[in-house]
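[1] Please work out how this folds:
(one chain, ligands or ions: 2)
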Amino acid sequence: MGICMKIIMLGAPGAGKGTQAKLIADKYGIPHISTGDIFRANIKNGTALGMEAKSYMDQGLLVPDELTVKILLDRVAQEDCKKGYVLDGFPRTIPQAEVLDKELDKLHDQIDHAIDVDVPDENIIKRMSGRRACVSCGATYHIEYIKPQREGVCDECGQELVLRDDDRPETVGRRLDVYHEQTQPLIDFYGQKGILKTVDGTQDMQDVFHAIVKILE
Ligand code: ADP
Ligand code: AMP
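    Ligands and ions are numbered 1, 2, ... in the order given. Predicted coordinates for the structure are as follows:
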């Protein structure tokens, strides 16, 4: 399909933004852009950006806006983003959202949909503590809900699956606090712009996806 769509995924850490963003990107042939994935790739490659980001991520804190905005704007300026994109984990603060708006404005462009994947805090703890991510390609599974074919092994590339450092129980609580304080206000922000759509993220992965496709079409 050749539709140009710019989509933002909202929701708590562990709500399923990445899982859904990947399905959307595959179905509509648009890039899936995760600032968390970009930071993790930098950490893996030992870059200066990665070192700086890691010091915040491991504490469950947000990476400063200035740094995050720069990497995001560089990424969306690339050629493949001309056909649209799905942003997963950006924006996470009001100032980030405002910069994105301003940049799009300059191009006479705008975000089409902000999709809030709504999952209550009680479910989030279980989602994050059971999440396993591939050390190599970043694909994500869940030990109970979305199992790989072979335990501990990535279906896509055969590499090892691990618990992310920031998914340890002592960090999860902090990340949820940070979400409520700094990120949740974006729900009102996009609500006021009239582009907010909410889906019940407690459903099965495929049911959540069907709800999203219905919104997009
Ligand atoms: P986010 O990108 O919002 O942090 P993920 O997409 O990584 O969240 O999902 C968090 C965890 O929950 C992962 O382990 C994922 O496999 C699992 N998960 C995602 N969607 C669902 C769902 N609808 N039902 C159950 N588990 C899910
Ligand atoms: P994620 O993979 O989306 O769960 O992100 C993992 C971590 O990366 C977050 O807990 C933050 O520390 C950092 N991060 C990712 N995206 C952003 C963002 N837009 N703003 C600030 N920090 C971010």
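[2] Quick check: residues of this structure near ligand 2?
    When proximity is defined as C-beta under 6 Å from any ligand atom, the chain approaches ligand 2 at 13, 34-36, 39, 56-57, 61-63, 68, 89-92, 96, 166, 175. For every residue, glycine as well, the C-beta is placed using N, CA and C.
[3] since we're on residue 82, how many residues are nearby?
    Neighbouring residues of residue 82 were enumerated by other C-beta atoms under 10 Å; the total is 11.
[4] Return the distance of it relative to ligand 1.
    25 Å (C-beta to the nearest ligand atom, to the nearest Å).
[5] That residue - nearest residue in space that isn't next to it in sequence?
    On the basis of C-beta to C-beta, 6 or more residues apart in numbering, the spatially nearest residue to residue 82 that is not a chain neighbour turns out to be residue 4, at 7.7 Å.
[6] Can you give me every residue that contacts the most centrally placed residue in the chain?
    Centre of the chain computed as the mean C-alpha position; nearest residue by C-alpha atoms, centre = their mean is residue 88, 2.7 Å away. Remark: with contacts taken as C-beta atoms under 8 Å, 6 or more residues apart in numbering, residue 88 is in contact with 9, 17-18, 21, 32-37.
[7] Same question for residue 164.
    Applying C-beta under 8 Å, 6+ apart as the definition, the contact partners of residue 164 turn out to be 131, 133.
[8] likewise residue 117?
    Shown here is residue 117, whose contacts under the criterion C-beta under 8 Å, 6+ apart are 9-11, 15-17, 20, 199, 201, 208.
[9] Check the residues you listed one by one and keep those near ligand 1.
    Among the contacts of residue 117, proximity to ligand 1 is found for 11, 15-17, 208 (C-beta under 6 Å from any ligand atom).
[10] any chance of these in JSON lines, plus pLDDT?
    Shown next, in JSON lines, are the ones next to ligand 1 among the contacts of residue 117 (pLDDT from 0 to 100):
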{"residue": "11", "pLDDT": "97"}
{"residue": "15", "pLDDT": "97"}
{"residue": "16", "pLDDT": "97"}
{"residue": "17", "pLDDT": "97"}
{"residue": "208", "pLDDT": "98"}
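[11] who wins for most neighbours among those residues?
    If you count neighbours using other C-beta under 10 Å, the busiest of the ones next to ligand 1 among the contacts of residue 117 is residue 16, which has 28 neighbours.
[12] State the phi and psi torsions of residue 173.
    When quoted as degrees, to the nearest 10, the phi and psi of residue 173 stand at phi -60, psi -40.
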